[in-house]
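> no sequence for this one, just the structure:
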Ligand code: 4AD
Ligand code: MG
């Protein structure tokens, strides 16, 4: 019977064959322990000299790291391993012998590992992070489909900028100028006027010269947009969604969280509603905490966000930022016209902003004035202005950065390990 490491749990007491790679190996005169991996998981194969043909035992002792095999044996329970079972090996067929695999069980520097990202992905920790990434993506689709959203895919090649012009990747579109999308939001607003509640989930690009543990040049963004929805209602969707994906990872990625030594007690607390603090109160709080470098009207840096987040156990919404530090499209706050109806969601434990969202301006003349004030080329926003001419409604939406969210939930220090092939400042290879 051909199966996988994951499905081998259904074959306790039976012989199976698994296509696998040799991740690691220990052996003595009488026994060899093979660490096998097949993409679905990691499992130990035990080869006992007295129970297999002489050549098989010799082969088991000589197989090199990352050689590919078909391995056959009986699946037996093993309560010492996290998996709960192992294989008593009876036969090994080597498909290809690997030589001098560069990533050995010893420690390697990050730059070396990043140069070998195509191979590093095979290691246990990276495997766990990618499985958590997959679970967050899966649960995201489940949440939004279940709640009546339609997935709409905005273009990646665009002619206009939603988030300001300084971080755009420029390219030629035949004879025209084009930019890689930094956010699909403006198109998602058009989609919301056609389908009510919509979401997009795809790559976005920021030509940002930031070299921090939170910044990628290419990252995946989830962007829901909702017609007839106030900012207040959008915040409820955000907290319910975050609680949903955290719970999904806790439920479905137990082995992975354990392998990553994630303190799950912190994740178990993540239930809606989340605390909120206004931008004004956050500034006051920071002054009390001794941050004298920040004034009303400044944007928060990573140390400020971390100080605010450390005050709470849960993700925290910072609401109503000053108009002048936010993009052109945000609806003014009726209680204070110097601020807008927006929120950033700050993850706990220093992982920073994971969501930015707002209510969008729905009045045509106000929007035109804001586009002008930001010195944007109004010609390329005509389609966006049309949405305010033909049945404009209050609407809100938000954008979540997938990699920062994974870093927080998986407890990984740097976003570069949450993307299979991260695009970083000075790194386009592999
Ligand atoms: O706050 P941002 O720039 O918001 C927008 O782009 C809105 N148009 C979204 C919307 O309302 N539809 O980006 C949203 C999120 C951030 O909170 C952060 O999690 C992530 O995207 N993000 C990055 N992640 C990794 N690397 C970067 N350079 C990022 N820039 C933003
Ligand atoms: Mg933001």
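All right, it came through fine. On a predicted model such as this, the values are computed, not experimentally measured, just so you know. Residues are numbered from 1 along each chain as shown. Ligands and ions are numbered 1, 2, ... in the order given.

> How about the secondary structure of residue 382?
Following DSSP: H, G, I helix; E, B strand; the rest coil, the label given to residue 382 is helix.

> ditto for the one 3 residues further on
Using three-state DSSP, the structure places residue 385 in helix.

> Helices of the stretch 151-300 of the chain, start to end?
For the stretch 151-300 of the chain, the helices defined by DSSP state H, counting those that start in this stretch occupy 185-195, 231-252, 254-259, 264-268, 279-288.

> Return the most buried member of those.
Looking across the helices of the stretch 151-300 of the chain with neighbours counted as mean count of other CB atoms under 10 Å, the highest average goes to helix 185-195: a mean of 21. No exception for glycine: its C-beta is placed from N, CA and C like everyone else's.

> Get me the contact residues on the stretch 101-250 of the chain for ligand 1.
Residues of the stretch 101-250 of the chain lying close to ligand 1 by CB under 6 Å from any ligand atom are 162, 163, 183, 185, 206, 208, 215, 216, 219, 221, 223.

> Could you identify the buried members of these?
With burial judged by 16 or more other CB atoms under 10 Å, the buried subset of these is 162, 163, 183, 185, 206, 215, 216, 219, 221, 223.

> The closest residue to the fifth one other than its chain neighbours: neighbour count?
If you skip the residues right next to it in sequence, residue 206 has residue 167 as its closest partner in space, 4.6 Å away by CB to CB, 6 or more residues apart in numbering. Here the number of neighbours of residue 167 (other CB atoms under 10 Å) works out to 16.

> before we move on, what about residue 394?
Look at residue 394: counted by other CB under 10 Å, it has 17 neighbours.

> Return the residues in contact with the residue lying closest to it once chain neighbours are set aside.
Spatial nearest neighbour of residue 394, chain neighbours left out: residue 362 (5.6 Å); criterion: CB to CB, 6+ apart. Contact analysis of residue 362 by CB atoms under 8 Å, 6 or more residues apart in numbering lists 331, 388, 392, 393, 394, 395.

> got a list of what residue 133 touches?
Neighbouring residues of residue 133 by CB under 8 Å, 6+ apart: 402, 406, 418.

> hang on, the earlier thing: same list (the buried ones among the residues of the stretch 101-250 of the chain next to ligand 1) but as a markdown table, adding pLDDT.
Output for those, formatted as a markdown table (pLDDT from 0 to 100):
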| residue | pLDDT |
| --- | --- |
| 162 | 76 |
| 163 | 78 |
| 183 | 96 |
| 185 | 97 |
| 206 | 96 |
| 215 | 96 |
| 216 | 97 |
| 219 | 98 |
| 221 | 98 |
| 223 | 98 |
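
> Turn these into TSV, including distance to residue 154.
Below are those laid out as TSV (distance: CB to CB, whole Å):
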residue	distance to residue 154
162	10
163	14
183	9
185	8
206	16
215	22
216	19
219	15
221	10
223	8
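
> ok, these vs residue 92, which is closest?
residue 216 (40.8 Å; CB to CB).

> who's in contact with the closest one?
Contacts for residue 216 (CB under 8 Å, 6+ apart) come out as 206, 403, 415, 416, 419, 422, 423, 424.

> and with 6 Å instead?
Shown in contact with residue 216 (CB atoms under 6 Å, 6 or more residues apart in numbering): 403, 415, 422.

> which of the residues you listed come close to ligand 1?
Of these, the ones that also sit near ligand 1 (CB under 6 Å from any ligand atom) are 403, 415.

> now, which of the contacts of residue 216 sits nearest residue 65?
Nearest member of the contacts of residue 216 to residue 65, counting by CB to CB, is residue 422, at 24.7 Å.

> need the contact list for the closest one.
Shown in contact with residue 422 (CB under 6 Å, 6+ apart): 216, 416.

> Repeat the analysis, applying 10 Å as the threshold.
Contact analysis of residue 422 by CB atoms under 10 Å, 6 or more residues apart in numbering lists 114, 117, 216, 217, 218, 219, 403, 414, 415, 416.

> just curious, which of those is nearest to residue 152?
Each of the contacts of residue 422 was scored against residue 152 by CB to CB, and residue 219 proved nearest at 19.4 Å.

> which stretch of helix or strand covers the closest residue to that closest one other than its chain neighbours?
Nearest non-adjacent residue to residue 219, counting by CB to CB, 6+ apart: residue 403, 5.1 Å away. Residue 403 belongs to helix 402-410 when assigned by DSSP states H and E.

> Quick one: neighbours of residue 224, just the number.
By the criterion of other CB under 10 Å, residue 224 has 28 neighbours.

> Please look at it and residue 196 and confirm they touch.
No: the criterion here is CB atoms under 10 Å, and residue 224 misses it with residue 196 at 11.4 Å.

> and for those two, which residues touch both?
With CB under 10 Å, 6+ apart, residue 224 and residue 196 have common neighbours residue 149.

> coming back round to it: need the contact list for the residue nearest to residue 219.
With the criterion set at CB under 10 Å, 6+ apart, residue 403 makes contact with 133, 214-216, 218-221, 354, 412, 414-419, 422.

> circling back: could you export the helices of the stretch 151-300 of the chain as JSON lines, including distance to residue 108?
JSON lines is the format used below for these (distance: least, CB to CB, whole Å):
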{"stretch": "helix 185-195", "distance to residue 108": "40"}
{"stretch": "helix 231-252", "distance to residue 108": "27"}
{"stretch": "helix 254-259", "distance to residue 108": "18"}
{"stretch": "helix 264-268", "distance to residue 108": "28"}
{"stretch": "helix 279-288", "distance to residue 108": "39"}
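
> Assign residue 140 to one of the three secondary structure states.
Per three-state DSSP, residue 140 ends up helix.
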